[in-house]
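A.B. asks: following is a predicted model, sequence given first.
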Amino acid sequence: MGVTALKTALRKSFGIKRWPSRKFAPLRRVLRYYDAVGPAEDAAWLRELEQQMMLNPNIPLRVKGQTRRERGYAQLYRGAGAAADA
């Protein structure tokens, strides 16, 4: 069985609308950043969001989560001063 057929079967069986790897990759990248230098409360919140997404990959990312992820990206890719500018 090929990857495409496997994903199609899993989508039908478990009701997954979109394959969640696109959500997990950036979330984990920002989580690694917060683990290294970010606030511990943000890292804990992102871990909880990751666990919720594993249980239900169809959940939308909340606005609060998007703000934290955006702040993490700004700090990760543009330096710590960029988050204050945003």
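C.D. replies: Thanks, I have it. Residues are numbered from 1 along each chain as shown.

A.B. asks: so who does Tyr73 touch?
C.D. replies: 26, 30 (C-beta atoms under 8 Å, 6 or more residues apart in numbering). Just so you know, the C-beta spots here come from the backbone N, C-alpha and C atoms, and that holds for glycine as well.

A.B. asks: name the helix or strand for it, please.
C.D. replies: helix 63-78 (DSSP states H and E).

A.B. asks: what's the mean pLDDT across that helix?
C.D. replies: Helix 63-78 carries an average pLDDT of 68.

A.B. asks: repeat that for stretch 14-26.
C.D. replies: 80.

A.B. asks: buried residues in that stretch?
C.D. replies: Going by neighbour count (16 or more other C-beta atoms under 10 Å), the buried part of stretch 14-26 is 20, 23.

A.B. asks: what's it in contact with?
C.D. replies: 7, 10-11, 50, 53, 57-58, 61, 69, 73.

A.B. asks: rerun at 6 Å
C.D. replies: With contact meaning C-beta atoms under 6 Å, 6 or more residues apart in numbering, stretch 14-26 is reached by 7, 57-58.

A.B. asks: quick one: it to chain centroid distance?
C.D. replies: The chain centre lies 10 Å from the centre of stretch 14-26; the measure is C-alpha atoms, centre = their mean, to the nearest Å.

A.B. asks: between the two ends of it, how far is it?
C.D. replies: When the termini of stretch 14-26 are compared using C-alpha to C-alpha, to the nearest Å, they are 23 Å apart.

A.B. asks: got the contact list for Arg47?
C.D. replies: Counting by C-beta under 6 Å, 6+ apart, Arg47 has no contacts.

A.B. asks: can I get the CA coordinates of the host helix or strand of it in PDB?
C.D. replies: Take DSSP H and E as the rule and Arg47 turns out to sit in helix 40-55. Only the C-alpha atoms of helix 40-55 are listed here, as PDB (Å, rounded to 0.1, in the frame of the first residue of the first chain):
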ATOM      1  CA  ALA A  40       8.100  28.600  30.200                       C
ATOM      2  CA  GLU A  41       4.400  29.300  30.300                       C
ATOM      3  CA  ASP A  42       4.300  29.700  26.500                       C
ATOM      4  CA  ALA A  43       6.200  26.400  26.000                       C
ATOM      5  CA  ALA A  44       3.800  24.700  28.300                       C
ATOM      6  CA  TRP A  45       0.800  26.100  26.500                       C
ATOM      7  CA  LEU A  46       2.100  25.100  23.100                       C
ATOM      8  CA  ARG A  47       2.800  21.500  24.500                       C
ATOM      9  CA  GLU A  48      -0.900  21.400  25.600                       C
ATOM     10  CA  LEU A  49      -2.000  22.600  22.200                       C
ATOM     11  CA  GLU A  50       0.200  19.900  20.500                       C
ATOM     12  CA  GLN A  51      -1.400  17.200  22.700                       C
ATOM     13  CA  GLN A  52      -4.900  18.400  21.800                       C
ATOM     14  CA  MET A  53      -4.000  18.400  18.100                       C
ATOM     15  CA  MET A  54      -2.800  14.800  18.400                       C
ATOM     16  CA  LEU A  55      -6.100  13.800  19.900                       C
END
